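Colleague: Structure for the following, please:
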Amino acid sequence: MPCPTVSELRPAQAAVDRRLIAWCEALGEAAADQIIHVHRGTRVQTERADRLLLHLYQHQIHHRGQAHAMLSDTAVPPSQLDEFFSIAEAPLRTAEFDELGWTEATVWRE
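Modeller: From the prediction side, this is the model:
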């Protein structure tokens, strides 16, 4: 188990998230049909970048839903999962955006 505690998991997950964000930013919209080779142990899967990313995000949503359901049966309140990026809620995400080096203008390309 690479991260036996939550305190070890948080920075490790943040580093992986930053790598994915950087990769997506470098990819750009024009290269969405770029072919990616994914090593699956016994084989190499060949897939378009956009389809691979769609699968990755859908898979993350699936597991977040599982974690939310499991926490709902405990004393630990589950976190908010269905973020709605309304302009009125911008102050609620300032800390997370600061951690990523983002601003509302960066995200919305204003």
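
Colleague: which other helices and strands contact the longest helix seen in the chain?
Modeller: Using DSSP state H to assign secondary structure, the helix with the most residues in the chain is helix 49-72. Helices and strands touching helix 49-72, by 3 or more Cβ pairs under 8 Å, 6 or more residues apart in numbering; DSSP states H and E, are strand 35-39. In this view, the C-beta of every residue, glycine as well, is placed from N, C-alpha and C.

Colleague: Please give the element, helix or strand, for the closest residue in space to I35 that isn't next to it in sequence.
Modeller: Leaving aside its sequence neighbours, I35 sits nearest to T46 (Cβ to Cβ, 6 or more residues apart in numbering; 5.9 Å). If you go by DSSP states H and E, T46 is part of strand 44-48.

Colleague: the inter-axis angle of that strand versus helix 49-72?
Modeller: 100 degrees (axes from the mean of the first three to the mean of the last three Cα atoms, to 10 degrees).

Colleague: Strand 44-48: partners in the sheet, and parallel or antiparallel?
Modeller: strand 35-39 (antiparallel) (DSSP bridges).

Colleague: got the CA positions of the partner strand in PDB?
Modeller: Coordinates of each C-alpha in strand 35-39 appear next as PDB, following Å, rounded to 0.1, in the frame of the first residue of the first chain:
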ATOM      1  CA  ILE A  35      -3.000   8.200 -29.700                       C
ATOM      2  CA  ILE A  36      -1.900   7.200 -26.200                       C
ATOM      3  CA  HIS A  37      -0.400   3.800 -25.400                       C
ATOM      4  CA  VAL A  38      -1.500   2.400 -22.000                       C
ATOM      5  CA  HIS A  39       0.500  -0.500 -20.500                       C
END
